[in-house]
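Asker: show me the folded form of this:
(one chain, ligands or ions: 2)
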Amino acid sequence: MGNDGYLPLFETKRANGRTLYRVFAGSIFVGICLIWSYRVSHVPRHGEDGRLVWIGLLAAELWFGFYWFLTQAHRWNLVYRQTFKDRLSHRYGNELPGVDIFVCTADPVIEPPMMVINTVLSVMAYDYPPEKLSVYLSDDAGSQLTFYALLEASQFAKYWIPFCKKFNVEPRSPAAYLDSISISDDSKQPKELATIKKLYEDMKNQVENVAKLGRLPEVHLRHKGFSEWDSYSSRHDHDTILQILIDGKDPNAKDSEGCVLPTLVYVAREKRPQYFHNFKAGAMNALIRVSSAISNGQIVLNVDCDMYSNNSLAVRDALCFFMDEKKGHEIAYVQFPQNFDNITKNELYSSSLRVMSQVEFHGLDGYGGPLYVGTGCFHRRDTLCGRKFSREIHNEFKIDIPKDREREETIAVLEEKSKVLASCTYENNTAWGKEMGLKYGCPVEDVITGLSIQCRGWKSVYYNPERKAFLGVAPTTLAQILVQHKRWSEGDFQILLSKYSPAWFANGKISLGLQLGYCCYCLWATNCLAVLYYSIVPSLYLLRGIPLFPELSSPWFLPFAYVVISKYMYSLAEYLWSGGTVLGWWNDQRIWLYKRTSSYLLGFIDTIAKSLGLHSDSAFVITAKVSKQEVYRRYVKEIMEFGDSSAMFTALATIALINLVCLIGLMKKAILNEGIPIIYETMLLQFVLCAILVLINWPLYQGLFFRKDNGKMPKEIMEFGASSSSAMLSLWANTALLNFTLPAWSGAVEDGLNHGFNEPIESTGICK
Ligand SMILES: O=c1ccn([C@@H]2O[C@H](COP(=O)(O)OP(=O)(O)O[C@H]3O[C@H](CO)[C@@H](O)[C@H](O)[C@H]3O)[C@@H](O)[C@H]2O)c(=O)[nH]1
Ligand SMILES: [Mn+2]
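Answerer: Numbering: from 1, shown residues only. Ligands and ions are numbered 1, 2, ... in the order given. Next comes the predicted model:
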């Protein structure tokens, strides 16, 4: 309670142990400075072997040190939030603002309609006055199948919502709920459970049958909504399709218990080949306009079609922030973490974003608020539409409860009026996509939009309650995760170079901590250079016997050892605190490397090419939400999936092979020359680096050499990786260029080994 007796609707607590953490971080910083001093004071003289490479290492270490500094913005000032929903209910009762919920989908094959309608049903069943809830589904594929599924869902909702309320069901996605309970003949189970399950199964069978057949049976086509497809040519060329499936204001729209139902609307905005549609940002902006004509809720929740609501009270949680009388007026959006319900124990692809949601976002929250990450986020409608913050703003939720709930116009008129708002030309010569709504031109429309809102003076809040508010589908193959991270790293890097850059545009508009926090993500892509360098060059020099790090007996060894060991011990501890396992952390380190040497590399190249005008807007590759059974089985068993060919795999395979050859070459050399103690003394760090790179790449070697299943590395990658790594090695070894064929590769390896083994090395190497 405040001094004036005011009971806030939420409280904010700073994390314990911050001083301890800061002392620890300070000690690492000292270590980093010592590493830098070592590099600067030991540069080989002009003409000496390894001078250039040394300068490269200095650059890489300066980068790593600088980047480490940026990551401190995520850890320096963690805060945790707590809401008081009982106070909200007590103070406001049912006098709550309207909430419009936007669900986006874009492809009925990779985002199956059953998944989409489960998400829709879960948000329709929020514990919130239904007359104030409206759900909009944006379908960028304009798919009849998705529309049909939604139509079915609108019928099923009449039974599902009262069932949820009567039995206080959680989660309110029917699939997730029914999967979580076992249905038995047990008489203790209510008979309603069996009934609802049967209804759900019937609906599922119907939808899946229609999907299998690829067309709708005659009887279904009778619904007037399907006539909207009469003028439809393709998903890239059609009129706006808009159907109000449930009108919450219609006195006849009641559930099976006679209670009001939330409004439910299907929208496929107009698409024409000559108009660029701006992906999800375009879909969201169309929804903002359409919903303003139909329900105009003051709060907008946005979820991706795979992110079902796992906590029916989340709307009330969000309102505790917006409606707090003292601080609520500053808050533009409340972001919940992205959580997933298909994460395996040790997360082979590190797809849970665990540390980000358990640590980093709490850190950003301490500096003014988290990024907007596109899903699980509640916005004020007006801030999303470009409103600036001003001190005069006070809580101004208009809680009007219309006595007469009937509409002045007919649904048909309203539908026609709303269609115009979703047309291709509506945005011509307007501020939409620039100063209004979500921003266009960036593959991470969410982050850039959130940043611009914060730059207009608003704060945001990160709320990470114990019971997860949303659960989605994480990528289940290596290729998917790499492609997703390419999009993210590329988009974030574009933001850095854009006019909204957190580095300069945000100066003075948001706190320095938040600026650094944003830069940390915006510089993901740039990490590729230093990591590539570090994961190739020291190993090549190891093979040649040229030390690049201090010897074990040198005092300079200590800062290296200290920084590496303490940084990684801390990272392990952080991962475990965040709920992960030791093996999960190890997998996370692997994906850390893979992302940097493939996704970020391509993201970096594409962004540079784009800023030089060499290629146009980047596409939005939608993340698949279903996989073949066989692939899924491997995912559950945590067996890495390579399968299809991908340029990114080539980069990974090349690096893995180079390190393998270097390590084998070194071992051979050491054993034959009895040089192990010398390596230990002179090149321990380099050896450890190379050995860890080999160890961490183990699943990749398995995929390349040992696996027989369909998830193994494709042959082309094997060939290409082998030739590119042998080319690099042979260039390096200065021997004749090798043939780029597979059989020759073994020869290349042999050559590499022989070279390392036989040739005396000029500089301080061990083979002198
Ligand atoms: O043209 C498009 C492309 C995508 N989407 C929808 O956008 C959402 C996100 O797409 P997804 O492929 O699942 O991307 P993710 O990488 O999982 O998405 C994260 O990153 C995106 C930005 O890169 C954000 O838009 C998302 O909200 C965020 O969850 C999905 O619901 C799609 O249906 C559209 O509506 N129209
Ligand atoms: Mn997604």
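
Asker: for Gln484, give me its contacts.
Answerer: Taking C-beta atoms under 8 Å, 6 or more residues apart in numbering as the contact definition, Gln484 lies against Pro475, Ser599, Val621, Thr623. For glycine as for every other residue, the C-beta is placed from the backbone atoms N, C-alpha and C.

Asker: so it sits in a helix?
Answerer: Yes: for Gln484, which was evaluated using DSSP: H, G, I helix; E, B strand; the rest coil, the result is membership in a helix.

Asker: re the thing from before, quick one: buried ones out of the contacts of Gln484?
Answerer: Restricting the contacts of Gln484 to buried positions leaves Pro475, Ser599, Thr623, with burial counted as 16 or more other C-beta atoms under 10 Å.

Asker: can you list those residues in CSV and add pLDDT and distance to ligand 2?
Answerer: Written out in CSV, the entries for the buried ones among the contacts of Gln484 read as follows (pLDDT from 0 to 100; distance: C-beta to the ion, whole Å):
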residue, pLDDT, distance to ligand 2
Pro475, 95, 8
Ser599, 97, 16
Thr623, 91, 5
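
Asker: need the residues of the stretch 551-700 of the chain near ligand 1, please.
Answerer: By C-beta under 6 Å from any ligand atom, the part of the stretch 551-700 of the chain that sits against ligand 1 consists of Phe620, Ile622, Thr623.

Asker: so which strand or helix has the last one?
Answerer: I take that to be Thr623. Using DSSP states H and E, Thr623 is not contained in any helix or strand.

Asker: quick check: next helix or strand after the helix ranked longest in the chain?
Answerer: In the chain, taking DSSP state H as the definition, the longest helix is helix 647-673. Proceeding C-terminally, helix 647-673 gives way to helix 676-682 as the next helix or strand, assigned by DSSP H and E.

Asker: buried stuff in that next one?
Answerer: Buried residues in helix 676-682 (16+ other C-beta under 10 Å): Ile678, Ile679, Thr682.

Asker: can I get those in a markdown table including pLDDT?
Answerer: Compiled in a markdown table, those are given as follows (pLDDT from 0 to 100):
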| residue | pLDDT |
| --- | --- |
| Ile678 | 79 |
| Ile679 | 81 |
| Thr682 | 88 |
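
Asker: pick the one among the residues you listed closest to Ile671.
Answerer: Closest approach to Ile671 among the buried residues of helix 676-682 (C-beta to C-beta): Ile679, at 10.6 Å.

Asker: other SSEs contacting the helix or strand harbouring Phe24?
Answerer: When elements are defined using DSSP H and E, Phe24 is found to belong to helix 18-41. Secondary structure elements in contact with helix 18-41, counted by 3 or more C-beta pairs under 8 Å, 6 or more residues apart in numbering; DSSP states H and E, are helix 51-71, helix 557-577.

Asker: list the buried residues for it?
Answerer: Quick answer for helix 18-41 (16+ other C-beta under 10 Å): Tyr21, Ala25, Ile28, Gly31, Ile32, Leu34, Ile35, Tyr38, Arg39.

Asker: between those residues, which is closest to ligand 2?
Answerer: Nearest to ligand 2 out of the buried residues of helix 18-41 is Tyr21 (C-beta to the ion; 32.2 Å).

Asker: leaving out sequence neighbours, find the closest residue to the closest one.
Answerer: Spatially, and ignoring its direct neighbours in sequence, Tyr21 is nearest to Arg75 (6.6 Å; C-beta to C-beta, 6 or more residues apart in numbering).

Asker: one more: Leu348?
Answerer: Glu638 (4.6 Å).

Asker: now do the strands in the chain.
Answerer: Applying DSSP state E to the chain gives strands spanning 10-14, 79-83, 99-105, 133-139, 241-246, 263-268, 299-304, 308-309, 331-335, 339-340, 377-380, 459-462, 470-472.

Asker: the residue nearest to Tyr21 touches Gln358, doesn't it?
Answerer: No: using C-beta atoms under 8 Å, Arg75 is not in contact with Gln358, being 11.5 Å away.

Asker: the two: which is more packed in?
Answerer: Arg75 (22 against 19; other C-beta atoms under 10 Å).

Asker: what sits against that one?
Answerer: If a contact means C-beta under 8 Å, 6+ apart, then Arg75 has Tyr21, Ala25, Val359, Glu360, Gly363 as its contacts.

Asker: out of the buried residues of helix 676-682, which is nearest to ligand 1?
Answerer: Closest approach to ligand 1 among the buried residues of helix 676-682 (C-beta to the nearest ligand atom): Ile679, at 43.8 Å.

Asker: hmm, the closest one is touching Leu666, no?
Answerer: Yes: Ile679 sits in contact with Leu666 when judged by C-beta under 8 Å, with a separation of 7.0 Å.

Asker: what touches both of the two?
Answerer: By the contact definition C-beta under 8 Å, 6+ apart, Ile679 and Leu666 are jointly contacted by Phe687.

Asker: circling back: need the buried residues of helix 18-41 in CSV (columns: distance to Gln629 and pLDDT).
Answerer: Formatted as CSV, the buried residues of helix 18-41 follow (distance: C-beta to C-beta, whole Å; pLDDT from 0 to 100):
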residue, distance to Gln629, pLDDT
Tyr21, 45, 96
Ala25, 47, 98
Ile28, 46, 98
Gly31, 49, 98
Ile32, 48, 98
Leu34, 54, 98
Ile35, 49, 98
Tyr38, 54, 98
Arg39, 52, 97
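
Asker: low-confidence stretches in the stretch 551-700 of the chain?
Answerer: For the stretch 551-700 of the chain, the stretches with pLDDT under 70 are 617, 674.

Asker: what residues does it put near ligand 2?
Answerer: Thr623 (C-beta under 5 Å from the ion).

Asker: verify the contact between Leu576 and Trp585 for me.
Answerer: Yes: with contact defined as C-beta under 8 Å, Leu576 and Trp585 form a contacting pair (7.2 Å).

Asker: mean neighbour count for the strands of the chain - can I get that in TSV?
Answerer: Converted to TSV, the strands of the chain look like this (neighbours: other C-beta atoms under 10 Å):
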stretch	mean neighbour count
strand 10-14	14
strand 79-83	17
strand 99-105	27
strand 133-139	27
strand 241-246	24
strand 263-268	26
strand 299-304	26
strand 308-309	29
strand 331-335	27
strand 339-340	19
strand 377-380	26
strand 459-462	24
strand 470-472	24
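
Asker: quick check: which of those is nearest to Leu695?
Answerer: Of the strands of the chain, the one closest to Leu695 (C-beta to C-beta) turns out to be strand 339-340, at 27.4 Å.

Asker: figure out how far the closest one is from the centre of its chain.
Answerer: Offset of strand 339-340 from its chain centre (C-alpha atoms, centre = their mean, to the nearest Å): 10 Å.

Asker: pop out the phi and psi values for the closest residue to Leu471 other than its chain neighbours.
Answerer: With C-beta to C-beta, 6+ apart as the measure, Asp341 is the residue that lies nearest to Leu471, at 4.0 Å, once sequence neighbours are left out. Listed backbone geometry of Asp341 is phi -110, psi 10, with angles given as degrees, to the nearest 10.

Asker: and Asp341, what pLDDT?
Answerer: Model confidence at Asp341, expressed as pLDDT, equals 95.

Asker: okay, now it: neighbour count?
Answerer: Based on other C-beta under 10 Å, the number of other residues close to Asp341 is 18.

Asker: for it, list the residues it contacts.
Answerer: Contact partners of Asp341, counting by C-beta under 8 Å, 6+ apart, are Ala176, Asn310, Leu471, Gly472, Val473.

Asker: so which of the buried residues of helix 676-682 comes closest to ligand 2?
Answerer: Comparing the buried residues of helix 676-682 against ligand 2 with C-beta to the ion places Ile679 closest, at 46.4 Å.

Asker: so how far is Ile696 from that closest one?
Answerer: 20 Å (C-beta to C-beta, to the nearest Å).

Asker: tell me which helix or strand in this structure has the weakest average pLDDT.
Answerer: Averaged element by element with mean pLDDT, DSSP states H and E, the chain has its least confident helix or strand at helix 742-758 (a mean of 43).

Asker: on that earlier part again, how close does the residue nearest to Leu471 get to Ser351?
Answerer: Taken as C-beta to C-beta, the span from Asp341 to Ser351 is 12 Å.
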